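# build me a structure from this.
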Amino acid sequence: MAQEMIDESAAATELVTITDAALTQLRDLLQKQGIPELGLRVFVQPGGCSGMSYGMGFEDHAEEGDAITHFGGVRLFVDSVSARYIKGAEIDFVDSLMGGGFTVHNPNAVSSCSCGHSFDTGGDGGSARSCQH
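Have a look, this model is predicted:
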């Protein structure tokens, strides 16, 4: 698992890991998009019922300050602001009777909402809002 840094000031340790199940799902999604060179941007933003919420989206290039981690030919992009909140997190894919999807196991979260998309690190990440999932 190699990691390249666009900005040398970003942390040198691995920011985010991905399980085999999530990697398989991500590869399948990229193939369905017809653009296998796309990567996955993982970010956090203020909002959600616990103060911060996770976001993910396809990305074709890095932005200045991004950390880029490679897993099995797939790139994960994390911006420097989000890195502070998700350092050491693991992206997983869960499949359940109520539906499946990507989820983030974040060791920095001191609490999270039952929706699974919102968390709190105990810092000044934002104000809590009602869960919209």
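# what's the weakest-modelled helix or strand in the chain?
Least confident helix or strand, the chain: strand 118-120 with a mean of 43, by mean pLDDT, DSSP states H and E.
# in a strand, that's where Arg41 is, yeah?
Yes: counting by DSSP: H, G, I helix; E, B strand; the rest coil, one finds Arg41 located in a strand.
# what's the burial count for it?
20 (other Cβ atoms under 10 Å). From N, CA and C alone the C-beta is placed, and that goes for glycine too.
# show me what it bridges to in the sheet.
Counting by DSSP bridges, Arg41 is bridged to Gly57, Phe77.
# wait, doesn't it sit right on Met56?
Yes: with contact defined as Cβ atoms under 8 Å, Arg41 reaches Met56; the gap is 6.7 Å.
# and Pro36, its phi and psi?
For Pro36, the backbone dihedrals (degrees, to the nearest 10) come out as phi -60, psi -10.
# that one - nearest residue in space that isn't next to it in sequence?
Leaving aside its sequence neighbours, Pro36 sits nearest to Leu30 (Cβ to Cβ, 6 or more residues apart in numbering; 5.0 Å).
# any low-confidence regions in this protein?
Residue ranges of the chain with pLDDT under 70: 1-13, 48-50, 110-133.
# and the gap between Ser96 and Tyr54?
18 Å (Cβ to Cβ, to the nearest Å).
# more neighbours, those two?
Tyr54 (24 against 7).
# can I get stretch 34-41 in PDB, CA atoms only?
Listed next in PDB are the C-alpha coordinates belonging to stretch 34-41 (Å, rounded to 0.1, in the frame of the first residue of the first chain):
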ATOM      1  CA  GLY A  34     -16.800   3.100 -17.500                       C
ATOM      2  CA  ILE A  35     -14.000   5.200 -16.100                       C
ATOM      3  CA  PRO A  36     -11.700   2.900 -14.100                       C
ATOM      4  CA  GLU A  37      -9.100   5.600 -13.600                       C
ATOM      5  CA  LEU A  38     -11.400   7.500 -11.300                       C
ATOM      6  CA  GLY A  39     -10.600   7.400  -7.600                       C
ATOM      7  CA  LEU A  40     -12.700   7.900  -4.400                       C
ATOM      8  CA  ARG A  41     -12.600  11.200  -2.500                       C
END
